[in-house]
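# for reference, the sequence and a predicted model appear below.
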Amino acid sequence: DVKVTQSSRYLVKRTGEKVFLECVQDMDHENMFWYRQDPGLGLRLIYFSYDVKMKEKGDIPEGYSVSREKKERFSLILESASTNQTSMYLCASGGNYGYTFGSGTRLTVV
Amino acid sequence: AQSVTQLGSHVSVSEGALVLLRCNYSSSVPPYLFWYVQYPNQGLQLLLKYTTGATLVKGINGFEAEFKKSETSFHLTKPSAHMSDAAEYFCAVSEYQGGKLIFGQGTELSVKP
């Protein structure tokens, strides 16, 4: 089975901290995505990547950055965490046969 | 730019009744369309997808959806609701398989006994 693994299921961080969310896929997919999921807002695309070292902004990139140094790994970075970034974060990979989603990281910023 | 609108953030039906969840999309190219389901405290699960070909798509758990290009719609239906169908449902669109995937706001389905 294709797997997308997110490093943490639950995370609590303090306001102003730099936060790294890690995502690894094992299907050799070219494309990877980061979403945040909030009640009533669905899944909103933060950033995506079509290739190593390539990134494009999604619909809500403010306050976030990403890194893709290797094909299988796509990291989401919160440069200075704020309380309004408390959310569920989902990573996904996409290829010719569809998409695979990680289990999510529930981030709480206090 | 692509977008998805799901009409109705909450839908409630009685057990055995028809389920109809509405989805309209906007896309500048022929779309790929998806329905996902998320049960409480679980991840996203693909219900069905439209890529090309037959416009009526059958998925898992008795769900189906019809792609109507003239109406830019991809509504999800199930003839008879079960209690186990209670979940949140998301419609999504992409320009090609594996490409940028844009989701709607989600519809929470409740099923009354």
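Yes, it's here.
# and the strands in the chain?
Using chain A here. In chain A, the strands defined using DSSP state E lie at A:4-6, A:10-13, A:19-21, A:23-25, A:31-38, A:42-49, A:56-57, A:64-70, A:73-78, A:87-95, A:98-101, A:105-109.
# try chain B instead
B:3-7, B:10-14, B:19-26, B:32-38, B:44-50, B:56-58, B:64-68, B:73-78, B:87-94, B:102-103, B:107-112.
# so how far is the first one off the chain centroid?
By that I understand strand B:3-7. 10 Å (CA atoms, centre = their mean, to the nearest Å).
# can you check the last one too?
Mean-position distance between strand B:107-112 and its chain equals 13 Å (CA atoms, centre = their mean).
# report the angle between it and strand B:73-78.
20 degrees (axes from the mean of the first three to the mean of the last three CA atoms, to 10 degrees).
# direction included, what does strand B:107-112 pair up with?
Applying DSSP bridges, strand B:107-112 is found paired with strand B:10-14 (parallel), strand B:87-94 (antiparallel).
# please name whichever of those is nearest to A:L107.
strand B:87-94 (19.7 Å; CB to CB). For glycine as for every other residue, the C-beta is placed from the backbone atoms N, C-alpha and C.
# could the strands of chain A go into CSV alongside distance to B:T52 and mean neighbour count?
As requested, the strands of chain A are arranged in CSV below (distance: least, CB to CB, whole Å; neighbours: other CB atoms under 10 Å in any protein chain shown):
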stretch, distance to B:T52, mean neighbour count
strand A:4-6, 26, 19
strand A:10-13, 40, 13
strand A:19-21, 35, 17
strand A:23-25, 26, 22
strand A:31-38, 19, 23
strand A:42-49, 23, 22
strand A:56-57, 25, 12
strand A:64-70, 30, 16
strand A:73-78, 28, 20
strand A:87-95, 17, 22
strand A:98-101, 14, 21
strand A:105-109, 35, 18
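# what's the closest of these to B:V11?
That would be strand A:42-49 among the strands of chain A, by CB to CB, at 15.0 Å.
# partner strands of the closest one, with direction?
strand A:31-38 (antiparallel), strand A:56-57 (antiparallel).
# which one, of these, ends up nearest to A:G16?
strand A:31-38 (19.2 Å).
# send me the closest one as PDB with only the CA atoms.
C-alpha atoms of strand A:31-38 as PDB (Å, rounded to 0.1, in the frame of the first residue of the first chain):
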ATOM      1  CA  ASN A  31       3.500  15.800  -6.400                       C
ATOM      2  CA  MET A  32       3.100  16.500  -2.700                       C
ATOM      3  CA  PHE A  33       0.700  18.800  -0.900                       C
ATOM      4  CA  TRP A  34       0.100  20.400   2.500                       C
ATOM      5  CA  TYR A  35      -3.500  21.300   3.600                       C
ATOM      6  CA  ARG A  36      -5.000  22.600   6.800                       C
ATOM      7  CA  GLN A  37      -8.400  21.400   7.800                       C
ATOM      8  CA  ASP A  38     -10.700  23.600   9.900                       C
END
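# related to what we said a few turns ago, and the strands of chain B as CSV, adding mean pLDDT?
Shown next, in CSV, are the strands of chain B (pLDDT from 0 to 100):
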stretch, mean pLDDT
strand B:3-7, 95
strand B:10-14, 98
strand B:19-26, 97
strand B:32-38, 96
strand B:44-50, 95
strand B:56-58, 97
strand B:64-68, 97
strand B:73-78, 98
strand B:87-94, 97
strand B:102-103, 96
strand B:107-112, 98
